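J.: Next one to model:
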Amino acid sequence: MGDNIPDTVKKCLDILNDNLEILTNIEFDLNDEKHNELISDMKLHNLFDMTEDVVESEKIKRAESKLIRRQSEDF
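T.: Prediction:
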């Protein structure tokens, strides 16, 4: 029974790693839905500013996701 515990933990970590990307994508999709609001009378410079903010935000989210994935691989 003692030999089965490390194998069981490894199987659980493998399952977690396999599903981590799927869960992260679901989280991104849900957050995108929250942020998809129409704003009327938007000026062009405001649109550019918002676009840059969204790009930076997505880069940060992806970096956080990759960090979590790397940390989970270390276990």
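
J.: Could you check how far Asp14 is from Ile68?
T.: Distance from Asp14 to Ile68, counting by CB to CB, to the nearest Å: 16 Å. Heads up, the C-betas are built off the backbone N, CA and C, glycines and all.

J.: so what's the most centrally placed residue in the chain up against?
T.: Centroid check for the chain by CA atoms, centre = their mean gives Thr24 as the closest residue, at 3.7 Å. Neighbour list for Thr24: Ser65, Ile68, Arg69 [criterion: CB atoms under 8 Å, 6 or more residues apart in numbering].

J.: Secondary structure element holding it?
T.: Using DSSP states H and E, Thr24 sits within helix 4-35.

J.: Buried ones in that helix, by neighbour count?
T.: By neighbour count on 16 or more other CB atoms under 10 Å, the buried set for helix 4-35 is Thr24.

J.: still on that earlier bit, among the contacts of Thr24, name the buried ones.
T.: Buried members of those, counted by 16+ other CB under 10 Å: Ser65.
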